[in-house]
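In: need a structure here:
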Amino acid sequence: MKKLYTLLLLLTLLLTAACRREPELHLYDAQPNETRLIFAELELDTYWDYEIENGVYYDWRSEWFYGWDDEDRRIFGEIGYTLPNIFNIRRYFTGDQPYAPHTRVIPNTIEGRVFQGEFTYGFWDMLVYNDLKLIDGVQSLNFDEETTLDSITVYTNQSMAPARYYAPKYTHAFYEPEELFSAYEQAIDINRSLDGFDYDAERNVWVKRLNMVLKPITYIYLTQVIVHHNNGKIVGVEGSGNLSGFARSSVLNSRRGGDDPITVNHRTRWKRNCDKNGEPVDIAGGRLLTFGICEHACNDIRNWREVKDKHRHYMDLTMLFNNGIDSTFVFDVSDQVRKRFKGGVLTVEIDMDTIPVPSRSGGSAFDAVVKDFEEETWEFPVGGGQ
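Out: This is a model prediction of the structure:
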């Protein structure tokens, strides 16, 4: 499988110094300096490295049977995160008061890994996040930098897809966010006494190093509905699905999801004759991005028992049967989402020997409601069509 990326950001401030002899080096106010951003490649396993039980770490490959081929890459993109190359920087000077409110922002955009700017003596806050350069030019993310200078909130809007299940305030599902990464550092002390600086003899400069971790604030979920004993009953999917109960927004500075639960719409694809431990199965699969669980900074959580999620998570998609009738299947995946709080595989398995082929003419048929797969119980109440 192709290498997948998350990001580790090492931010190094190289402050140019005028000197007569070592160690009598002095910084001038607003002296130009250089900032280098250095990235390290990590496997997806390294990002999805959290515990699911005490001492048991998550192995997403062991439960992912849908696979990922060239058509999936064309429809969904890469299965994991892709390495950004353009970054936005927001610098906030707070004078001699660390952690003071922001009164002015200095924006910069860089391509590549080197930033060069100017710093005045005092305390600085710095926010770094990736710029979005999209092939089709259509962007789902909206950035709110005007409500307050102390933070930036990012959010998406409603799509045309209806939100049928667990949509407390909204009638429609929301667009997926694009891949977004951020890092934030406060109270960066640029001082005349050079406290916290190291001397770089090769460059003849004093260096202040800040270890800022650039983490995703959008979380990848891989969805798969594994169909056993299908025998041609289900012939495809409508092409889209929904997953409910996730945050509509997130704050770049804290990477904390908002408190407004929504349903996220995403694309799906049908594959026949996949291999599941030697058994041929059909699978409806997909990939989606979300802002994560409401009111959580999921990257700061180590174990799923720390998750205090109060919302239900329902995954729905519409299956197409061989008699031309379609049915919407709804799966409660709340337990899986809470254990995959930083993203991961969401799996539901159904046995078509237990599900009747709908026979009602004139369009859609029943909704099949399936409880969380990990509970190993299945309920298929037949009701009105959607």
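In: Now V337. Its backbone dihedrals?
Out: The phi/psi pair for V337 (degrees, to the nearest 10) reads phi -60, psi -40.
In: Strands of the stretch 201-350 of the chain, start to end?
Out: 205-210, 215-216, 219-228, 234-247, 249-251, 261-276, 279-290, 314-321, 326-332, 344-351 (DSSP state E, counting those that start in this stretch).
In: wait, which of the ones you listed is closest to F181?
Out: Smallest distance to F181 across those (CB to CB): 5.4 Å, for strand 215-216. Heads up, the C-betas are built off the backbone N, CA and C, glycines and all.
In: Point out where the stretch 1-150 of the chain drops to low pLDDT.
Out: Scanning the stretch 1-150 of the chain for pLDDT under 70 picks out 1-47, 52, 113-117, 133-138.
In: Can you list the residue ranges for strands in it?
Out: Under DSSP E, counting those that start in this stretch, the stretch 1-150 of the chain gives strands at 9-16, 18-19, 25-26, 31-39, 51-53, 56-57, 86-95, 106-111, 114-119, 122-130, 142-144.
In: Parallel or antiparallel, which strands does the longest one pair with?
Out: Looking back up the chat, that one is strand 86-95. Sheet pairing for strand 86-95, assigned by DSSP bridges, gives strand 106-111 (antiparallel), strand 122-130 (antiparallel).
In: For the ones you listed, state which one has the densest average packing.
Out: Of the strands paired with strand 86-95, the one with the most neighbours on average (mean count of other CB atoms under 10 Å) is strand 122-130, at a mean of 21.
In: and that strand, C-alpha only, in CSV?
Out: Taking C-alpha atoms only, strand 122-130 is exported to CSV below (Å, rounded to 0.1, in the frame of the first residue of the first chain):
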residue,chain,number,x,y,z
GLY,A,122,8.5,40.6,23.4
PHE,A,123,6.0,37.7,23.3
TRP,A,124,4.5,36.2,20.2
ASP,A,125,1.7,33.7,19.4
MET,A,126,1.9,31.8,16.1
LEU,A,127,-0.7,29.7,14.2
VAL,A,128,0.3,27.6,11.2
TYR,A,129,-2.2,25.8,9.0
ASN,A,130,-2.2,24.4,5.4
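In: Pull the distance from it to the chain's centre.
Out: Strand 122-130 has its C-alpha centroid displaced from the chain centroid by 22 Å (CA atoms, centre = their mean, to the nearest Å).
In: Also stretch 250-265?
Out: Centroid displacement of stretch 250-265 relative to its chain, using CA atoms, centre = their mean, is 10 Å.
In: residues near G324, how many?
Out: Look at G324: counted by other CB atoms under 10 Å, it has 10 neighbours.
In: And the pLDDT for it?
Out: What the model reports as pLDDT for G324 is 89.
In: That one and S193, how far apart?
Out: Applying CB to CB, to the nearest Å, the value for G324 to S193 is 78 Å.
In: now swap in Y199 and tell me
Out: 14 Å.
In: Which residue of the two possesses the greater neighbour count?
Out: Y199 (15 against 9).
In: Surely the more buried one is in contact with V207?
Out: Yes. Using CB atoms under 8 Å, Y199 is in contact with V207, at 7.3 Å.
In: Just the buried positions in stretch 227-238, please.
Out: 227-228, 230, 233-234, 236-237 (16 or more other CB atoms under 10 Å).
In: between those residues, which is closest to R90?
Out: Closest approach to R90 among the buried residues of stretch 227-238 (CB to CB): V237, at 41.6 Å.
In: Which residues are in contact with that closest one?
Out: Contact partners of V237, counting by CB atoms under 8 Å, 6 or more residues apart in numbering, are 268-270, 284, 317-320.
In: related to what we said a few turns ago, for the strands paired with strand 86-95, which one sits closest to Y221?
Out: Taking CB to CB as the criterion, strand 122-130 is the member of the strands paired with strand 86-95 that comes nearest to Y221, at 20.0 Å.
In: how much space between the closest residue to T94 other than its chain neighbours and Q186?
Out: In space, and not counting its chain neighbours, T94 is closest to A100: 4.0 Å by CB to CB, 6 or more residues apart in numbering. Distance, A100 to Q186, using CB to CB: 10 Å.
In: do G80 as well
Out: Distance of G80 to Q186, given as CB to CB: 30 Å.
In: These two: which is more packed in?
Out: More neighbours surround G80 than the other of G80 and Q186, with 24 against 15 (other CB under 10 Å).
In: So that one sits against Y221, correct?
Out: No. G80 is beyond contact range of Y221, at 12.0 Å (criterion: CB under 8 Å).
In: okay, and the common contacts of those two?
Out: Between them, G80 and Y221 share no contacting residue under CB under 8 Å, 6+ apart.
In: Relative to S359, which of the strands paired with strand 86-95 is closest?
Out: Of all the strands paired with strand 86-95, strand 122-130 sits nearest to S359, with 50.8 Å by CB to CB.
In: How about residues contacting that closest one?
Out: By CB under 8 Å, 6+ apart, the list of residues contacting strand 122-130 from outside reads 9, 11, 37, 84, 86-100, 102, 152, 179-190, 210, 212, 214, 252-253.
In: Tell me where the model's unsure across the stretch 251-386 of the chain.
Out: Low-confidence segments of the stretch 251-386 of the chain (pLDDT under 70): 360-386.
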